[in-house]
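Novice: need a 3D model of the sequence below.
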Amino acid sequence: MRFHTRKWVKPEDLNPNGTLFGGKLLSWIDEELALYTIIQFENSKVVTKYMSEINFTSSAKQGDVIEIGIDVVRFGVTSITLECEVRNMMTRETIITIDKTVMVNLGEDGKPKAHGKTEIEFVKNRI
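Specialist: Below is the predicted model:
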């Protein structure tokens with residue numbers, strides 16, 4: 001798993017229990033998956049189609065730093081399937097795992113469009 005992004009848990013990210021609000025974390029995850037997909041497909045028109053069971057196993061509190069990891073499960077014709085893990089860098093515990101998220105590439109008409117990708121490409125290799 002490659003960990004791409006770190007987030008600092010701030011007061012506005014907390015729920016009434018004083019821990020990281022799950023909705024905030026899911027928003028961060030969805031954004032990171034979209035950014036990853038945009039970079040892979042070289043197209044800013046992508047959408048989240050499906051997210052499998054979400055398993056919260058621990059949390060984070062104010063001041064903690066979390067990191068979001070992503071791996072490619074498979075490439076489809078118009079989609080990419082990703083898995084995600086978020087971990088608390090302070091406690092070293094996994095906060096959440098999502099085994100399967102399907103992101104879809106869209107054309108100018110807003111409909112699924114073939115992306116032609118079959119493997120992960122790193123930006124440094126495109127230059």
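
Novice: and the gap between the residue nearest the centre of the chain and D109?
Specialist: For the chain, the residue nearest the mean C-alpha position is L33 (3.2 Å; Cα atoms, centre = their mean). As defined by Cβ to Cβ, to the nearest Å, L33 lies at a distance of 23 Å from D109. To be clear about C-beta, it is placed using only N, CA and C from the backbone, and glycine gets the same treatment.

Novice: the residue nearest to the centre of the chain should be in a strand, yeah?
Specialist: No. L33 is assigned helix when assessed by DSSP: H, G, I helix; E, B strand; the rest coil, not a strand.

Novice: residue contacts, it?
Specialist: 48, 70, 82, 84, 101, 103 (Cβ atoms under 8 Å, 6 or more residues apart in numbering).

Novice: if you set the cut-off to 6 Å instead, what comes out?
Specialist: Going by Cβ atoms under 6 Å, 6 or more residues apart in numbering, L33 touches 82, 101, 103.
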